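**Q** Next input, structure requested:
(2 chains)
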Amino acid sequence: MRHPLLLMVLGFLVWSGAFLGIYFTQATACSIATENQFLHPSGWVLRLVLIGLFLASALMVIAIYRLQRRSSALSSATRTSDFMKGVTTYVSVAALFSTAFCFIGVFWLTLCAL
Amino acid sequence: MIEKITSEHNPIALHRALERIWGTRPGWGRLAAVNHNVIGVRFMLTALVFFAIGGILAMLIRTQLASAESVFMDAKTYAQVFTMHGSIMMFLFAIPFFEGMAIYLLPKLLGSRDLAFPRLGAYGYWCYLFGGLILIGALIGGVAPDSGWFMYTPLSSSVYAPGINSDVWLLGITFVEISALSAAVEIIVTIMKIRAAGMSIDRIPIFAWYMLVVATMMLVGFPPLILGSILLEVERAFDLPFFDPTRGGDPLLWQHLFWLFGHPEVYIIFLPAAGAISTILPVLAGTPLAGYRMIVAAIVSMAFLSFGLWVHHMYTVGIPHVALSFFSAASALVAVPTAIQIFAWLATIAQGRPRFSIPMLHIFGFFFVFVIGGLTGVMLAMVPFDWQAHDTHFVVAHLHYVLVGGFVFPMLAMAYYWVPHLSGKQPVQHLSHAAFWMVFIGFNVTFFFMHLTGLLGMPRRIFEYPADFGWETLNFISSMGSFLMAMGFALVALDFILLFKFGRPFRRNPWRAGTLEWAMPTPPPSYNFASIARIDNRADLLDPDKIGPRLAAGRGYLGIPRHDRMEVLGVDPVSGEPDQIVELPRQTYLPLWTALATGAFFLLMLFKLYWFIPVALAAVIVCFWGWTVRDGSPIDEGVVPIGHGVKVPVHIRAPVPPSHLAMVLTLVANATLYISLLFGCLFLWVSAPNWPPKDVSLDMPLLMLAAVVSILACVGNRLASRKMTRALAGNALAFCAHLLSAALFLWVALLTLPAPSGHAAIASLFVILIYAALHGTIGAIFAAHALWRTLRGHDEAVRMLDLKIGRLWHDYSAAAGVCAVGFCLNLQSLITGSAP
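**A** Got it, this is the predicted structure:
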């Protein structure tokens, strides 16, 4: 992942994966919950799984941010590199905030009730 | 040497030589046009004709709703009218107009002579025109689509829509979307590779950043719609029950696939317009754009966020609270990058000394209307409010404020700003102010009152309403406003006719802009620039008045026409340093023939003449093969001089030629469609009623053999690439392996599966196997082409581009085959595991 444009969007790619992953896990678990008491909506296992996915994705975005700061593609002393570093930082911060804001509901909202 | 020749070149002789190479021939030769000036203008003019048709339909809608219990139209006609109004405005006007604008403007802003793939642009235009004509033909014939522009199932399924109407939409729109996808590939590759020398990624014009983001969104956003259209057409034509809940299907699958496209679509329409504002506004304010970096970051973030809120169109279908919160949060969040742009524009105005010209007036119109639309959008993003306002005229008002505010006012601003470039004349502007105020007041009168009728409970899409509901006065005011707006648009049209007829000629750069499109004569010559510039500043902070004459005298790069070739400069995407000469194909009728063959395929599908479809498909393949036969330079040189002592290879020998990147992007779109298909099938397993099916028997050994054989095709390609002595054997192996794997997948799908019409699970497996077989077949065509080249003695050692492109396809189809087999295995085990 050395191309600066791909590096720039890496945080949001994780956000997209987290979005699909968390939504798919929640929907699938709720669908089969009636047959499996382990995943029952009133139980805590599904909530723990979703919280785990949420925290893992937030940590991944942070790890990507640190990777970007160290990347040689963004750290050379050129005008282009400086521009890309600036934009990449803004985008990664936006990705981190979006991850926290979009999925925070997994802590308290009802999981399967319509 | 080159420098000496270019500096002594006669500009008039250079102009004549370039015009002879790049110009479009008169008469029938116009049908062979591939030049981006011609194609861009054609796109925009055709889109405006469709806009006029869509506008007339809107007038019919408002006439019908002006009074209670109106008998102007019956329900059936009204359904066709409102469906066609929405479909035309979204698919035949908004997207194609900005495609045309980008096709016309991008090469000029980037300092190039043309786009990366002129024939693809021409093919896209013909597909758009023919697809649009199918829809308009159906409207005239009284068989237009009538299930709403979103074609919800089961209303659009064959049970409730047995006629040809829905097929017209599904096939016509898919045909049109070919142009959107081809434009997306072309735009991305052009921005990445075809620029002026020295235009590094931080120097590209802001409009190019916007279009780069938009084209990427189109690449990922359109495939789910195309997939949904294919699945629904397959259900209607062959009874495969993807959306039929009685046989394991689910109507909600359509809604997911449609809105996965449909919501990003709003931003796909808005962002090019915003890009135009970011280009025009600093010029009119006389100061550089404030917050350039923040704007780039905002539009990149917006692109991602816009894909995470498709379900906000589906809040009322029954979704658990926690899932609603994901989409509601994303819907609210997307307002932040939008607001960043609005504040950056306001800061630009505040920093500069704005000129209150006509384009600026339309930009203020945009601010007013779009901000209101954005605010009602935030209201609708909140689940409790949306539950109240869902499917009412409040939503109609909101979407028109967003789309007209976000696209039509900026479109008028850019028209007044860039039509002088296109026509070589400046407006006289006697009617421009009156036209603006009529459109602005008419629009607000029409749609502001729709918020109120919506809040009073008036549902969308009803063709009549009772007199005692209290909606009549507000509807009457809305209708009057719409007629005022229509007169305003007529006045705008008249204003432009007067401009073309009586406009004042001007020398160069009437707005004192800093972008490269003004560094050329106006109207522009077919080749844009007689030579290619080297730039040393951001592309919106240049001095076109100084650069223009130098380029016209041939003092830039590629200032000497060589062997009558159409040459543009290819650059490194990040540094902007020249790394190749891209030799473009000359004018040809092939795009027209290919589009006609493609159109024949869609028409045969529409009229259910399935036995003739292989003939149309063969014609499409032969036409596309014709593109490659005529491609490539007959002169095999190493590196060639481009001027100023710089030498670079021709694209066919370059490490990363544009066509290689184009293939990668095509596969990204293809993979998006495939992933949507796999997720769609999983969605049915998770949520559709009447699962599991009684019998899912798959011939797994045969399927595994098919996957292994498809991997052999990759081995064959690599064999051919590594040693020239093994080229024949390697390509032959790839060809045979693809054919065999396709045959095996087809065998399992057609002969061993239970009837796919019995259950959505079987239909899903059937479609996935057909997808794998189709990729094997196309892979065989790629391998056959490579084999043909080897037999003709093509020097593969230096011209490996075709093999490299083929390798991408071989690898993708092998991966698709392996995934298909893995998915079939998993779905079978899931079904078996959940069977009672």
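
**Q** Relative to chain A, how far out is the closest residue to B:Val220 other than its chain neighbours?
**A** Sequence neighbours aside, B:Thr672 is the residue nearest to B:Val220 in space, at 5.1 Å (criterion: CB to CB, 6 or more residues apart in numbering or on different chains). Backbone N, C-alpha and C define where each C-beta goes, glycine included. Distance from B:Thr672 to chain A, counting by CB to the nearest CB, to the nearest Å: 12 Å.

**Q** where's B:Thr672, which helix or strand?
**A** helix B:658-687 (DSSP states H and E).

**Q** The helix or strand that that helix is followed by packs against which elements?
**A** Using DSSP H and E, the next helix or strand after helix B:658-687 towards the C-terminus is helix B:700-722. Applying 3 or more CB pairs under 8 Å, 6 or more residues apart in numbering or on different chains; DSSP states H and E, we find helix B:700-722 packed against helix B:727-747, helix B:760-791, helix B:801-834.

**Q** List the contacts of the residue nearest to B:Val220.
**A** Applying CB atoms under 8 Å, 6 or more residues apart in numbering or on different chains to B:Thr672 gives the contacts B:Leu219, B:Val220, B:Pro223, B:Pro224.

**Q** hmm, try it at 10 Å
**A** B:Leu219, B:Val220, B:Gly221, B:Phe222, B:Pro223, B:Pro224, B:Ile226, B:Leu227, B:Leu260 (CB atoms under 10 Å, 6 or more residues apart in numbering or on different chains).

**Q** Relative to B:Ala734, how far out is the third one?
**A** Look at B:Gly221 and B:Ala734: by CB to CB, to the nearest Å, they are 33 Å apart.

**Q** Settle it for me: which of these two has more neighbours?
**A** B:Ala734 (30 against 26; other CB atoms under 10 Å in any protein chain shown).

**Q** Just give the nearest non-adjacent residue to that one, would you?
**A** Spatially, and ignoring its direct neighbours in sequence, B:Ala734 is nearest to B:Gly716 (3.3 Å; CB to CB, 6+ apart).

**Q** So what's the residue count around the one you found?
**A** Neighbours of B:Gly716 (other CB under 10 Å): 23.

**Q** can I assume it is in contact with B:Asp811?
**A** No: applying CB atoms under 10 Å, one finds B:Gly716 not in contact with B:Asp811, separated by 11.8 Å.

**Q** mind listing what the one residue in the stretch 1-150 of chain B that gets nearest to chain A touches?
**A** Going by CB to the nearest CB, chain A is nearest to B:Leu110 of the stretch 1-150 of chain B, at 16.3 Å. Counting by CB under 10 Å, 6+ apart, B:Leu110 touches B:190-191, B:193-196, B:199, B:204-205, B:207-208, B:515-517, B:528, B:539, B:568-569, B:571.

**Q** Over to B:Ala183?
**A** By CB under 10 Å, 6+ apart, the contact list for B:Ala183 reads B:39, B:43, B:95-96, B:98-100, B:102-103, B:115, B:120-121, B:124-125, B:128, B:211, B:214-215, B:218.

**Q** same thing but 8 Å
**A** Contacts for B:Ala183 were tallied using CB under 8 Å, 6+ apart; they are B:Glu99, B:Ala102, B:Ile103, B:Gly121, B:Gly124, B:Ala215, B:Met218.

**Q** And for B:Gly806?
**A** By CB under 8 Å, 6+ apart, the contact list for B:Gly806 reads B:Asn717, B:Ala734, B:Phe782, B:Ala783, B:His785, B:Ala786.

**Q** how far away is it from B:Ala116?
**A** The value you get for B:Gly806 to B:Ala116, if CB to CB is used, is 19 Å.

**Q** same thing with B:Leu31?
**A** B:Leu31 sits 22 Å away from B:Ala116, going by CB to CB.

**Q** So for those two, which residue has more residues nearby?
**A** Legend: neighbour count by other CB under 10 Å for B:Leu31 and B:Ala116, higher for B:Ala116 (28 against 16).

**Q** helix, strand or coil for that one?
**A** coil (DSSP: H, G, I helix; E, B strand; the rest coil).

**Q** so what's the backbone phi/psi at it?
**A** For B:Ala116, the backbone dihedrals (degrees, to the nearest 10) come out as phi -70, psi -30.

**Q** surely it meets B:Glu186?
**A** Yes: B:Ala116 is within contact range of B:Glu186, at 6.0 Å (criterion: CB atoms under 8 Å).

**Q** shared neighbours of these two, anything?
**A** Overlap of the contact sets of B:Ala116 and B:Glu186 (by CB under 8 Å, 6+ apart) consists of B:Ala662.
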